[in-house]
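S.K.: Quick one: sequence and predicted model below, then my questions.
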Amino acid sequence: LISMAGPELPMLIVSILLMILAESTNLVVPLIVARAYDVLVTEDVDDTTKTTTSVMSEINSYMALALTVYAAGIVLGFLRASFLGIIGERMVARLRYQLYASILRQEIAFFDEHKSGELVSRLGSDTTLLQQVIAMNIPEALVGVIKTIVSIALMFWISPKLAGVSIGSVFLIFTLAAPLGKLLGRLSKEYQDVLGLAQTYSTEAFGGMRTVQAFTAEDKETRRFGTRIGN
């Protein structure tokens with residue numbers, strides 16, 4: 001994947017920078033709103049230099065800044081998603097091309113062992129799954145890591161004791177969720193294998209449709225497909 005991402009490296013770097021900026025805006029907005037709230041609740045009633053109009057003006061300035069930063073975060077997030085979508089499409093197209101060329105260069109024994117439907121499934125469904133990983137899952141994981149680091153830093157800045165309690169809870173949740181992640185990964189692999197086998201059955205049936213109808217084997221082929229795909 002790293003070698004295939006080489007031509008898209010400049011766009012990938014820009015996407016990572018946009019992602020960092022977009023997530024930074026989401027974390028900065030609450031701080032700006034907190035400043036506006038501080039202005040409201042810490043107003044000194046004995047200070048005659050601050051009128052209600054000046055206080056409201058300062059609060060409005062903070063809120064306008066918060067809205068501007070939030071809008072900028074939305075734009076940056078849209079650009080990041082667009083760039084990553086383009087990168088995913090190009091990488092998957094390159095992967096499909098290389099996989100197809102590699103399959104055509106295999107020996108005949110390879111095609112005796114792997115049915116055409118399975119190969120078509122690998123060429124279509126599996127590469128589409130990889131595209132989803134590149135365009136969505138990996139960016140979301142990076143966003144989560146960045147958000148976690150920045151959030152921990154802000155929590156320690158605001159309240160170290162509360163940050164320690166929160167981090168302890170996070171480690172507990174991670175310990176409980178790690179086995180579930182491994183289970184989901186194994187189930188996902190089994191699902192792709194079963195999907196490839198089911199597509200093998202359907203490809204064979206469609207390719208020999210005259211034979212299937214000649215022997216009135218429609219119900220048999222339907223049951224055979226259903227044993228793999230589920231019903």
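M.R.: Here it is on my side, so go on.

S.K.: my guess is residue 204 meets residue 197, correct?
M.R.: No - Residue 204 is beyond contact range of residue 197, at 11.0 Å (criterion: C-beta atoms under 8 Å). Backbone N, C-alpha and C define where each C-beta goes, glycine included.

S.K.: Return the mean pLDDT over the helix or strand hosting residue 220, rounded to an integer.
M.R.: Here residue 220, judged by DSSP states H and E, is contained in helix 218-229. Per-region confidence: helix 218-229 scores 78 on mean pLDDT.

S.K.: again, but for stretch 83-101
M.R.: Stretch 83-101 shows a mean pLDDT of 82.

S.K.: what does that stretch contact?
M.R.: For stretch 83-101, the external contacting residues (C-beta atoms under 8 Å, 6 or more residues apart in numbering) are 1, 4-5, 7-8, 11-12, 14-15, 18, 122-123, 127-128, 130-132, 134-136, 139.

S.K.: Just the buried ones from those, in ChimeraX syntax?
M.R.: To isolate the buried ones among those in ChimeraX, judged by 16 or more other C-beta atoms under 10 Å, type:
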select :8,12,15,18,122,127,130,131,134,135,139
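
S.K.: How far off centre is the strand or helix carrying residue 83?
M.R.: Element membership for residue 83, per DSSP H and E: helix 52-104. Helix 52-104 sits 13 Å away from the centroid of its parent chain (C-alpha atoms, centre = their mean, to the nearest Å).

S.K.: Same question for stretch 223-231.
M.R.: For stretch 223-231, the distance to the chain centre is 30 Å (C-alpha atoms, centre = their mean).

S.K.: Show me which positions of that stretch end up buried.
M.R.: 224, 225, 228.

S.K.: List just the nearest of the residues you listed to residue 189.
M.R.: residue 228 (15.3 Å; C-beta to C-beta).

S.K.: which ones are touching that closest one?
M.R.: By C-beta under 8 Å, 6+ apart, the neighbours of residue 228 are 194, 197, 198, 201.

S.K.: Which strands or helices does the host helix or strand of the third one pack on?
M.R.: Using DSSP H and E, residue 198 maps to helix 160-207. Using 3 or more C-beta pairs under 8 Å, 6 or more residues apart in numbering; DSSP states H and E as the contact definition, the elements that helix 160-207 packs against are helix 116-121, helix 138-158, helix 218-229.
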